[in-house]
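In: Pasted the sequence and its predicted model underneath.
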Amino acid sequence: MMMKFFRKHNKKLLAFFMVGLMIVFIGGSALQGLLTPQTNPVVANSNYGPVTLLDQKSANDQTNLLEMMGLDWRRPVPGGTKALETVDWIMLRREAKALGAEVTPAAVRASTTDESFFGRVSDVAQRLRIKPEVIHMAMADYQSVQQAAFSVAGSTIPSEAELLSTARDALETVKVRAVLLPAEAFVDANQQFSDAEIQAQFDKYREKEPGQGLNFGYFRPSSLQVQYVEIDRQKIAAAVGVANLDRKAKSYYEERRTTDPAFRNKDVPPGPDPAAAGLVEGPPAPPFAPYMDWESAKDIAIEALKKKSADEAVERIANWLVQYTDESWLEVERGKDGYKVAPVSVATLDYYDDVVRHIPATMAFPGAVSVTTTDFFSTEEASDVPVLGGTAFRTGPGVAQSFAKLAFRTKAIVPTVPNEERSNALDYLAPFQSCRFPLSDDKTGNLYVFRVVDAKPAHAPESVAEVRDQVVKDLRLSRAYEAAKTRAESLRSCSATQSLRDAYEADTDLVAFKDKAEGVYNGYVEPPPISRVLQSQASRGRSPTGVFGGIGVGNLTNEVVDQCFALEHADQKMMVFELKDRAAVLLAEWVETKPPAEDEFNALRKQLVTQLADARWRSAASAWLDPEKVRARTGFALVTK
């Protein structure tokens, strides 16, 4: 039946077939374009052309290369405050080319004579299996961005008035005699207060965050409660067994005999051998061996091997715990806030106990693994948390993430997982989710796996009972501060008829406080001359935190320093300064103001010109590289659907 149909309509079917072939032949590319989705979509537009997905990938690859070469592409000019993103890098490269500041790869190679540079390029190229020219191009773009910033920043010579003002702040000094009276020296540890006084103090500072000195506050910061599994290396070391211990220890010794300091001979090398020199009869002494022989090193090698085996066992358990606890979260989807919701079986304080019971018998050591839950602690208190406070996740020498940093990247502190570039959602912990980075204690060798099990948001305490001890302590400090002020005013009155030093030493009770204040310096002092700013920091201007007035005086605010200079022209040459941020009182007597000497100014002038011009140049270059300004002047705008 079907064959009969084909024979009957053979010519028509052939005609339709030929038409179809013509359509495919003539409109193939257009048809393919309609059926194939766009593989390189435009994600943004700018004054320098569109930015595509491939542009972003290329920029990511290039910036990764720069990082591997040790170049900070996010801050191409030292001193920049805001880090660049990949889109900013794309815009800056194009802008540098448009400004004629383009550096070629050949110029990069020609400007470098350091052989280690070419070695590093070769190492990175081999590691990534790319040509060295690709790295040279990345570095050329980096220098192009720098060159554009340098040319725009230019240079500005500071005015004479600016030089004089800066030099005065650095070179003009004031000499004072002083008595420092810390409130702590006057604290009465047994002083009692009525309930009304305690309540009034609490009400006054209930909503304020605590600060330094007399800046009282009882507002409680956010706090966390953590549960952790401890893997005790010492207990594992005592129980670990090593098959063929002697043979492996000897191999361990032979491999490390000349490189491990533990195997170095502790004996002092002898002097010249008289027998070898022919000065005495007899056979020459055997040559001095700088390293221990096997019999001397055997015990050391065995202990080192046991320690190595214990460390490996501890690490195996920690890795197993991280992997096992992670399996319960694999099928859980992230919510709109970027966090996962803990499975019911995990969201219980008994979960870690159950996990520990599942440690495979092949890697378990009885009594070596335990579970503990901490009290609540804030960020400031994290370093003092028992056991965990000093731990960190360490990836290499000097490279570590502290316990506090890892713990406080959690939902209670960061409500929404950041979605910025380079942020990793896996670094942010949902409630009851184990941290994927085991913590280590350098002193004990123990490892820890932890999770955040509870959190308290920042809040003002409901009642004084929550912070009563701190309120009483603050009241005692406040009363002690008033006593210090009274004593300072009394001392100033006595100094009207005698020197400040004589008046101080005549007050036996005041002198006695020097011994009472544990760890707190107080008393009479003649500090070195004080300037408004250190010479080494003159070009930066006055520090907002003031200057260091010398041992016995400590840090002084700019206001106090200015008032010390002003005493030269005051009727009373002595003044009581309230250092509330330090909970202390300073009685200062003006002695002398020394203006800048001409030779000092001339010596400093050239340095200031260079430093001030450099500071302005860096400021201009940093402003040019500010991400917001980069996007504004290049017309960068994301494509919206």
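Out: Nice, I can see it. Numbering: from 1, shown residues only.

In: ok, and the closest non-adjacent residue to the spatially most central residue of the chain?
Out: The centre of the chain sits closest to residue 401, judged by C-alpha atoms, centre = their mean, with a distance of 8.5 Å. Leaving out its chain neighbours, the residue that sits closest to residue 401 by C-beta to C-beta, 6 or more residues apart in numbering is residue 393, at 4.7 Å. Where you see a C-beta, it was placed from the backbone N, CA and C, and this is true even at glycine.

In: Surely that neighbour and residue 441 touch.
Out: No - Residue 393 is beyond contact range of residue 441, at 11.5 Å (criterion: C-beta atoms under 8 Å).

In: Can you list the buried residues in stretch 119-137?
Out: Across stretch 119-137, burial judged by 16 or more other C-beta atoms under 10 Å covers 121, 124, 125, 134, 135, 136, 137.

In: So what touches that stretch?
Out: Outside stretch 119-137, the residues that touch it by C-beta atoms under 8 Å, 6 or more residues apart in numbering are 62, 65, 68, 69, 70, 105, 108, 109.

In: For the first one, which three-state class applies?
Out: If I follow you right, that is residue 62. In three-state terms, and counting by DSSP: H, G, I helix; E, B strand; the rest coil, residue 62 is helix.

In: dump the residue contacts of it.
Out: By C-beta under 8 Å, 6+ apart, the neighbours of residue 62 are 89, 137, 138, 141.

In: tell me the pLDDT at the residue nearest to the centre of the chain?
Out: pLDDT, residue 401: 90.

In: Quick check: which element contains it?
Out: For residue 401, the host element (DSSP states H and E) is strand 399-402.

In: Quick one: distance of that strand to the chain centre.
Out: On the basis of C-alpha atoms, centre = their mean, to the nearest Å, strand 399-402 is displaced by 9 Å from the centre of the chain it belongs to.

In: Which elements pack onto that strand?
Out: strand 392-396 (3 or more C-beta pairs under 8 Å, 6 or more residues apart in numbering; DSSP states H and E).

In: Identify each buried residue in the strand it packs on, please.
Out: Quick answer for strand 392-396 (16+ other C-beta under 10 Å): 392, 393.

In: repeat for stretch 96-111
Out: Those would be 96, 101, 102, 103, 105, 108, 109, for stretch 96-111 by 16+ other C-beta under 10 Å.

In: same question, stretch 72-86
Out: Within stretch 72-86, the residues that count as buried by 16+ other C-beta under 10 Å are 73, 74, 76, 77, 80, 82, 84, 85, 86.

In: which of those residues lies closest to residue 372?
Out: residue 74 (39.8 Å; C-beta to C-beta).

In: Next, work out how far apart that closest one and residue 145 are.
Out: As for residue 74, its distance to residue 145 is 11 Å (criterion: C-beta to C-beta, to the nearest Å).

In: can you check residue 164 too?
Out: The spacing between residue 164 and residue 145, counted by C-beta to C-beta, is 37 Å.

In: ok, now residue 196?
Out: When distance is defined by C-beta to C-beta, residue 196 is 66 Å away from residue 145.

In: Next: residue 409.
Out: 32 Å.

In: more crowded one of the two?
Out: residue 145 (25 against 18; other C-beta atoms under 10 Å).

In: So the more buried one is in contact with residue 93, correct?
Out: Yes - at 6.4 Å, residue 145 counts as touching residue 93 under the criterion of C-beta under 8 Å.

In: ok, back up a step: out of the buried residues of stretch 72-86, which two are the most distant from each other?
Out: With distances taken as C-beta to C-beta, the most widely separated pair in these is 77 and 86, at 18.0 Å.

In: How about the contacts made by residue 360?
Out: Contacts for residue 360 (C-beta under 8 Å, 6+ apart) come out as residue 320.

In: next one: phi and psi at the residue lying closest to residue 570 once chain neighbours are set aside?
Out: Nearest residue to residue 570, sequence neighbours excluded (C-beta to C-beta, 6+ apart): residue 590, at 7.8 Å. Here is the backbone geometry of residue 590 (degrees, to the nearest 10): phi -70, psi 140.

In: Bridge partners for residue 590, pull those for me.
Out: Taking DSSP bridges as the rule, residue 590 bridges to residue 176.
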